[in-house]
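A.B. asks: model this:
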Amino acid sequence: MSANLTIYENWVAGRQEQADIDCDASEGHGTTGETQFFLFVCGCLVFFLQAGFACLEAGSIGSTAVTNVLFKNLFDAMIGAVVWWAMGYGFAFGDERQFIGDNYYFYKNVNQCDGSFWFYQWTFAATCSTIISGAMAGRTNLVAYFVYSVVVTGFIYPVVVHWTWSDNAWLADRGYLDFAGSGIVHVTGGIAAMIGAYMVGPRDIRAWRASTPPGTPTTNVPNLSPAQIHRMVATNHSMPLVALGTIILIFGFFGFNGGSVLSMDSAADGRAMGVAVISTVMAASGGSLSASAANYAMNKRWSLVQACNGCIAGMVAICASADRVDTWAAWVIGIGGGLSFRLWSWAIKKAGIDDAVDAAAVHAGAGIWGVIAAPIFDNSLGIFYQDLGRDAAWNAFGWHLLGVTIIVSWTAATSFIMFGVLAAVDMLRVTDQSLQVGLDKHEHGEWAYGYDKREIIDESGKASAADASAPSDIEKKAFEDVQQNAQYAHALGNFNGGFRDQRGLGLQSSTMGMTTQIV
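C.D. replies: From the prediction side, this is the model:
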């Protein structure tokens, strides 16, 4: 027995020795067990951002597209995993070429101890793709979603990573330093989101039809009932989901920025992680406060949605410099992120772009500001410090400005081509029927909430037709009554576990003589 145990112990020791040799290879990223475990834990935190985005986006849109947006958030990770494995990681971190990587396809030739690094970088790629789904929520064809998930995760984003984070990162070699991806992840995702939201058109069929060229068949604007209009344009149907999603995102950003140290082998690594996490906290505070104050100055209301988006914008802005700014500077950068978000949100709306969750404003607007702010507030190289000299500070500022311009140009050009092709083959936008009945019902056959299964029934027992004439005042009031009655009955528990087996149940409106029927 003891002899067998000795053989086993020697075998384990030999395996460990060989693993140590493999991990010490010059091309490896995870040279110690501590670093590998550190990247794994931080990668789990970053992956949890998917839950935060799912809650935030679901709460920010109408109740009849919630299943649709949750489905898309799940598939960000599922599609992203196989695409990142097949080619994304190779394009991003492969060697030999400056424009794009040329190695590691299908995980071939990857260092044995780079598994945690691969996993960590995959969660970043999935985050970039998720940004786009929020902006285009509520009217995008699922096939189009699958296509742009593949293209963004497998090509557009990896090319930007190769220019900035790989061993052949020509932008980084010239002075572009983006610690956790204000430009690399967030500007890439935000610009693609803005282009996608513009090209797919608004959720409201009436606005979409009005924007098409005159004389085309699509200019025939249908007459819509109040319920159909509500299904298309309703926003912020669940503030608890918005708040919960934001809190989850804050939690995930601790891994996003703290983990971007990429190693945990010394006290210096631990110090850098601590600086990054504290900077994230301060920037979140600054962004939330500034966005809330700006909204109150404009609208005289304290908006939870604006506070949440401002918080995220602050964290996006600090990504570029979280490891090398003082705490007061992190707060100032967060304030700038919140104000940038508000400015971009206003400008995008003025341009007639329907960004369902303000994704472009939060990620592109705050991300661009974060990249520009990094060489200003850098506590060793920055313009306010100039420890390495005035010329070095301004050279870094110039390369950051040029770098983010290159990222914006690359992403905008490739996104226009991608979404343009999808629009040309009529695969970008869902049908009018999908929008009128709700994406959850038409695309998935699964309502997120039971009370969305209702129809308005008049006294003769006939349901309102989908192509009914312009709604009258009584129809509008009836729809309001339907909502109030359904929510009240649901609160009392009269719907027996989410409307199960309730077909034919009626609720009598005391003021309108109308009935709602669960169908």
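A.B. asks: which helix of the protein spans the most residues?
C.D. replies: For the chain, the helix with the greatest residue count under DSSP state H is helix 390-424.
A.B. asks: now that helix: how far from the chain's centre is it?
C.D. replies: With Cα atoms, centre = their mean, to the nearest Å as the basis, the distance from the averaged C-alpha position of helix 390-424 to the chain average is 19 Å.
A.B. asks: what residues go with each domain of this protein?
C.D. replies: Annotated domains of the chain cover 35-432, 450-518 [automatic domain parsing].
A.B. asks: let's have the ones you listed in TSV, adding mean neighbour count and distance to Leu439.
C.D. replies: Any C-beta I mention is one placed from the backbone N, CA and C, and that applies to glycine too. Converted to TSV, the domains of the chain look like this (neighbours: other Cβ atoms under 10 Å; distance: least, Cβ to Cβ, whole Å):
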stretch	mean neighbour count	distance to Leu439
domain 35-432	21	4
domain 450-518	14	11
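A.B. asks: need the least confident one among those, by mean pLDDT.
C.D. replies: Per-segment mean pLDDT for the domains of the chain reaches its minimum on domain 450-518, at a mean of 44.
A.B. asks: state the next helix or strand along the chain beyond the helix or strand harbouring Phe341.
C.D. replies: According to DSSP states H and E, Phe341 maps onto helix 327-350. Downstream of helix 327-350, the next assigned helix or strand under DSSP H and E is helix 359-360.
A.B. asks: that next one: how far from the chain's middle?
C.D. replies: Worked out by Cα atoms, centre = their mean, helix 359-360 lies 8 Å from the chain centre.
A.B. asks: now swap in stretch 256-275 and tell me
C.D. replies: Going by Cα atoms, centre = their mean, where stretch 256-275 is centred and where its chain is centred differ by 25 Å.
A.B. asks: could the domains of the chain go into JSON lines alongside distance to Gly438?
C.D. replies: Shown next, in JSON lines, are the domains of the chain (distance: least, Cβ to Cβ, whole Å):
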{"stretch": "domain 35-432", "distance to Gly438": "3"}
{"stretch": "domain 450-518", "distance to Gly438": "7"}
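A.B. asks: OK, contacts around the closest residue to Thr411 other than its chain neighbours?
C.D. replies: Excluding the flanking residues, the one nearest Thr411 by Cβ to Cβ, 6 or more residues apart in numbering is Ile191, at 4.3 Å. Applying Cβ atoms under 8 Å, 6 or more residues apart in numbering to Ile191 gives the contacts 360, 364, 407-408, 411-412, 415.
A.B. asks: please apply the same query to Arg342.
C.D. replies: Neighbouring residues of Arg342 by Cβ under 8 Å, 6+ apart: 290-291, 294-295, 306, 310, 361.
A.B. asks: swap the cut-off to 7 Å and go again
C.D. replies: Residues near Arg342 by Cβ atoms under 7 Å, 6 or more residues apart in numbering: 291, 294-295.
A.B. asks: in helices, which of those residues fall?
C.D. replies: Per DSSP H, the subset of the contacts of Arg342 in helices is 291, 294-295.
A.B. asks: which of those residues sits closest to Ser380?
C.D. replies: Minimum distance to Ser380 across the ones in helices among the contacts of Arg342 is 29.7 Å, recorded for Ala291 (Cβ to Cβ).
A.B. asks: make sure that closest one is actually in contact with Ala307.
C.D. replies: Yes: under the contact definition of Cβ atoms under 7 Å, Ala291 touches Ala307, with a separation of 6.5 Å.
A.B. asks: and the nearest residue to Glu34 once chain neighbours are set aside, helix, strand or coil?
C.D. replies: Of all residues not flanking Glu34 in the chain, Met264 sits nearest, at 5.0 Å (Cβ to Cβ, 6+ apart). Classification of Met264 by DSSP: H, G, I helix; E, B strand; the rest coil places it in coil.
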